[in-house]
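**Student:** turn this into a model:
(chains A and B, ligands or ions: 2)
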Amino acid sequence: MSDIQVYKKSPAQFNLDQRRARKSMRGQVMMFSLMIFMTIMSFSMVMAYQADVAGFSKFLIIPSLLLFAAVQVGLQLYYFMHMSEEGHGVPQMFMYTGVVLSFAVVLTFVTIVWW
Amino acid sequence: MSSVAQKRGFGATLWDWLTTVDHKKIGILYLLGGGFFFIVGGIEAMIIRLQLLTPNNDLVSAGIFNQMITMHGTTMIFLAAMPILIGFMNAIMPLQIGARDVAFPFLNSLGFWMFMFGGIFLNLSWFFGQVPDAGWTSYASLALVSEGHGVDFYAIGLQIAGGGTLMGGINFLVTIINMRAPGMTYMRMPLFTWTTFVASAMILFAFPPLTVGLFLLTFERMFGGNFFDHTMGGNTIIWEHIFWIFGHPEVYILILPAFGIFSEIFSIFSRKRLFGYSAMVFATVLIGFLGFMVWAHHMFTVGLGPTANAIFSVATMAIAIPTGVKIFNWLLTMWGGSIKITTPMLWALGFIPTFVMGGVTGVMLGTAPLDYQLHDTYFVVAHFHYVIVGGTVFGILAGLHLYWPKMFGTLLNEMLGKVTFWFFFIGFHLTFLIQHWLGFWGMPRRVFTYMDGQGWNSSNLISTVGALFMAIGITVLVYNIIVTSVKNVRVANDPWGDGRTLEWAIESPPLYYNFAQTPLVRGLDTVYIEKMEGNASGLTPAEPVQDIHMPNGSFIPFMMSLGLFIAGFGAMYRAEESWGLPVLIFGLLWTFIAMAMRSLKDDLGYYVKKDEILRDMKRKGGQK
Ligand code: HEM
Ligand SMILES: [Cu+2]
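**Tutor:** Ligands and ions are numbered 1, 2, ... in the order given. This is a model prediction of the structure:
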């Protein structure tokens, strides 16, 4: 099916598409490596904590793990699930509403239930 | 497949209804199911009121009384009010946006059958003699010590029914986002569609917490978990939070669609465009959002501390602002309009003062220090009945009269409709107005009887008499429905004469494919615009007459829900009967097999041929 498309493309358009594809490929590979790097970091931090390496306290590791997790979710959504592309406005709105609402709930629980 | 009335046997008709995926028929099924549970809940309410008729009454025992109030609340909220509203959404919303069905017709049917089986499961508890008795809020400290299987019926039944509601909500969201007719921008959607949209979004965010809470309760009661038991390291307050994180949005899920129905009514019967349309939309969205920020106002007396109480108190009062915007817009819609007092309009007129009173007592309860006085007294009962009955139930009854012709093709008798209104309206205020004072005088809620000589006797008597009036009103309504259906006088597209939105430009009831040609929408109140410009049909087609793709009916949703229903009994008896676990597994397998059948067998639907559509168009002698 895709061969049929190629015939219709002018050379200029073909080049443009290729450049775009290459660019998005580069982005994806970079983000993928970044994500693997963060995963390795997370594992090694926990290992270091268990091996009692000085400087790796709970209060450093837990917030960094949470931060890495949040960044990874963002990268996943925007680079691999194409959230930044057109036509994703409504899903984005719903997701961010969900994030805001759950944040309010978690904040309340942390401050008045679990504290 | 023709819409021309064919003579069919009872079996074929039954099969048609069991397998239907048509949004209009599913709307009617929701109405029937919800109507049935409304009657059940109403009978429970009458028993409660009769027990409280005189001091030291012993019509029912304390235990049965607790079961009555629990089942009354649970049934009314989950099995009556919400399903009936979802029924209207199903029947009307796709017509209002010019769609031929909802986005996922199969899911729609599954949602209905899950609600129905969940509701039946919950109410079978009466036949097992083990009925939920921990209140509709089912606070963990009560629910965990409740003996027998009562609370298990609550947890599993609501789990199944709640799954159905969640599916309905998602379905409506996707439908409104993706299936609007050309030209129907968000800011041209009728208010009922808007409130359906916001209520569905609230279902999407509010029902998962309920699901989680019910699972925790299920596991704690039936599978040895310890989430809420403080002696095992749990925390009983967490249930209260989870329940109200769901529960407060739930009350707005109930009220917003009713607001939508009233908005339609005010504009139709004042024969004016809705005043402040964009402010109405904004207020609806704002209410939907703020509705998630106030749940702890149900827990002021738990001891959350002054800071938390103050924050939730202020947030609660803030919701009064968008609600007030709505009230004023309705009043200004009527201002200068040429008002026609029909039955739906009568309900709408009765709604405004009633709901305002409920809102004012809501702000009073939202004042944390005052709530310490009023919490768990009859004042609270009065408050939430003023908003739930005065808002949601009035809205349902108004919608029933307004949309009856669109759903069934006949017009309910206006005289009887007004009789219903006056009995119900007077009965309602007789019942609940006095309860504010009962609360001030210290009568606690959820007590099965009271002593003589506390000055509560005559107020309780008045209250019970009022409840009888409401029962008479509903009986007249049922009579009206029967008489109207037997007479079967068919009505035209727009029996009210002043319909402004798309549903009033097509047949009553619509053909099964709704619109022969998808309409082009040219503004808010598009049918009104067309008519003002001399287009008597009210519709401008956006496409040529062509084949229409339609989904096939399916029996699988029924089977999937049945599996969950069976599995529920297995889960409940797993610990004490040897057959429990096998039945649980059998039921789940049943559901999974049904799901697999749906996934493996492609069902591509069918086409309504152009010839048939042209024939239908000629028969009704309309355009062309
Ligand atoms: C709009 C539709 C509304 C519905 C359907 C509704 C429903 C309810 C229900 C069912 C309860 C009883 C909870 C229980 O079992 O303890 C309740 C309590 C309460 N409502 Fe509403 N409500 C609505 C609007 C409001 C508004 C507008 C406010 C305030 C501005 C409000 C404030 C409260 C408060 C503070 C309580 C707790 C009272 C207590 O527990 O002592 N409600 N409401
Ligand atoms: Cu609330």
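**Student:** residue contacts, B:Tyr573?
**Tutor:** Applying Cβ atoms under 8 Å, 6 or more residues apart in numbering or on different chains, one finds that B:Tyr573 lies in contact with B:Trp579, B:Gly580, B:Val583. Using the backbone N, CA and C atoms, a C-beta is placed for each residue, glycine as well.
**Student:** the first one and chain A: what is the separation?
**Tutor:** So that's B:Trp579. With the distance defined as Cβ to the nearest Cβ, to the nearest Å, B:Trp579 ends up 40 Å from chain A.
**Student:** okay, now that residue: neighbour count?
**Tutor:** Other residues within reach of B:Trp579 by the criterion other Cβ atoms under 10 Å in any protein chain shown amount to 12.
**Student:** report pLDDT for it.
**Tutor:** Reading off the per-residue confidence, B:Trp579 sits at a pLDDT of 93.
**Student:** closest to the centroid, which residue in chain A?
**Tutor:** To find the centre residue of chain A, average its C-alpha atoms and take the closest one (Cα atoms, centre = their mean): that gives A:Leu75, at 1.9 Å.
**Student:** that one: which element?
**Tutor:** Element membership of A:Leu75, judged by DSSP states H and E, is helix A:58-75.
**Student:** which helix or strand contains the closest residue to B:Leu18 other than its chain neighbours?
**Tutor:** Closest residue to B:Leu18 in three dimensions, ignoring its sequence neighbours and counting by Cβ to Cβ, 6 or more residues apart in numbering or on different chains: B:Phe558, at 5.7 Å. Mapping B:Phe558 onto the secondary structure by DSSP H and E places it in helix B:556-573.
**Student:** below-threshold pLDDT in chain A: ranges please.
**Tutor:** For chain A, applying pLDDT under 70 flags the ranges A:1-8, A:115.
**Student:** in it, which residue sits closest to ligand 1?
**Tutor:** Evaluated by Cβ to the nearest ligand atom, chain A has A:Thr108 as its residue closest to ligand 1, separated by 16.3 Å.
**Student:** straight-line length of stretch B:132-147, end to end?
**Tutor:** Distance between the two ends of stretch B:132-147: 9 Å, counting by Cα to Cα, to the nearest Å.
**Student:** let me see the mean pLDDT of that stretch.
**Tutor:** In this model, stretch B:132-147 carries a mean pLDDT of 93.
**Student:** quick one: the strands in chain B?
**Tutor:** In chain order, chain B shows strands spanning B:548-550, B:606-608, with DSSP state E as the criterion.
**Student:** the first one packs against which elements?
**Tutor:** Under the contact definition 3 or more Cβ pairs under 8 Å, 6 or more residues apart in numbering or on different chains; DSSP states H and E, strand B:548-550 sits against strand B:606-608.
**Student:** list the contacts of the strand it packs on.
**Tutor:** B:Met1, B:Tyr513, B:Asp547, B:Ile548, B:His549, B:Met550, B:Asn552.
**Student:** give me the phi and psi angles of the last one.
**Tutor:** Same thing as B:Asn552. B:Asn552 has phi and psi values of phi -80, psi 150 when expressed as degrees, to the nearest 10.
**Student:** within range of chain A, give me the residues from chain B.
**Tutor:** On the criterion Cβ under 8 Å from any Cβ of the partner chain, chain A has as its neighbours in chain B the residues B:177, B:201, B:204-205, B:235, B:237-238, B:241, B:245, B:289, B:292-293, B:296, B:304-305, B:308.
**Student:** what parts of the stretch 151-300 of chain B come near ligand 1?
**Tutor:** Taking Cβ under 6 Å from any ligand atom as the criterion, the stretch 151-300 of chain B approaches ligand 1 at residues B:Val251, B:Leu254, B:Ile255, B:His297, B:His298.
**Student:** got CSV for the residues you listed, with pLDDT and neighbour count too?
**Tutor:** Output for these, formatted as CSV (pLDDT from 0 to 100; neighbours: other Cβ atoms under 10 Å in any protein chain shown):
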residue, pLDDT, neighbour count
B:Val251, 95, 18
B:Leu254, 96, 23
B:Ile255, 96, 25
B:His297, 95, 21
B:His298, 96, 21
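**Student:** can I get those in TSV including distance to B:Gly118?
**Tutor:** As requested, these are exported to TSV (distance: Cβ to Cβ, whole Å):
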residue	distance to B:Gly118
B:Val251	20
B:Leu254	18
B:Ile255	23
B:His297	28
B:His298	24
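**Student:** going by distance to B:Ile352, which of the residues you listed wins?
**Tutor:** Out of these, the one with the shortest distance to B:Ile352 is B:Ile255. That distance is 13.5 Å, counting by Cβ to Cβ.
**Student:** that closest one reaches B:Thr392, doesn't it?
**Tutor:** Yes. Using Cβ atoms under 8 Å, B:Ile255 makes contact with B:Thr392 at a distance of 5.8 Å.
**Student:** got the angle for the helix of greatest length in chain A vs helix A:58-75?
**Tutor:** Counting by DSSP state H, the longest helix found in chain A is helix A:11-50. Counting by axes from the mean of the first three to the mean of the last three Cα atoms, to 10 degrees, helix A:11-50 lies at 160 degrees to helix A:58-75.
**Student:** dump the residue contacts of whichever residue of the stretch 351-500 of chain B sits closest to ligand 1.
**Tutor:** When scored by Cβ to the nearest ligand atom, the stretch 351-500 of chain B has B:Gly362 as its residue closest to ligand 1, at 2.5 Å. Contact analysis of B:Gly362 by Cβ under 8 Å, 6+ apart lists B:Thr316, B:Ala320, B:His383, B:Val387.
**Student:** indicate the residue of the stretch 451-600 of chain B located nearest to chain A.
**Tutor:** Scanning the stretch 451-600 of chain B for proximity to chain A using Cβ to the nearest Cβ identifies B:Val521 as nearest, at 19.3 Å.
**Student:** and the nearest residue to that residue once chain neighbours are set aside, how many neighbours?
**Tutor:** Setting aside the residues directly before and after it, B:Val521 is nearest to B:Gly183 in space (Cβ to Cβ, 6+ apart), at 3.6 Å. Other residues within reach of B:Gly183, judged by other Cβ under 10 Å, total 15.
**Student:** pretty sure B:Gly183 contacts B:Leu520?
**Tutor:** Yes. The pair B:Gly183 and B:Leu520 qualifies as a contact (Cβ under 8 Å) at a distance of 5.2 Å.
**Student:** quick one: common contacting residues for those two?
**Tutor:** Between them, B:Gly183 and B:Leu520 share the neighbouring residues B:Ala542, with contact defined by Cβ under 8 Å, 6+ apart.
**Student:** give me the domain ranges for chain A.
**Tutor:** For chain A, the structural domains run A:11-84, A:86-115, going by automatic domain parsing.
**Student:** identify each buried residue in the shortest one, please.
**Tutor:** This means domain A:86-115. Applying a neighbour-count criterion of 16 or more other Cβ atoms under 10 Å in any protein chain shown, one finds A:Thr97, A:Leu101, A:Val105, A:Thr108, A:Ile112 buried in domain A:86-115.
**Student:** and the fourth one, how far from chain B?
**Tutor:** To tie it back to what came earlier, the one meant is A:Thr108. Noted for A:Thr108: a distance of 7 Å to chain B, by Cβ to the nearest Cβ.
**Student:** and what of the first one?
**Tutor:** Spatial separation of A:Thr97 from chain B under the definition Cβ to the nearest Cβ is 7 Å.
**Student:** now do the second one
**Tutor:** In this structure, A:Leu101 and chain B are separated by 5 Å, where distance is defined by Cβ to the nearest Cβ.
**Student:** looking at this, that residue is in a helix?
**Tutor:** Yes. Applying DSSP: H, G, I helix; E, B strand; the rest coil, one finds A:Leu101 inside a helix.
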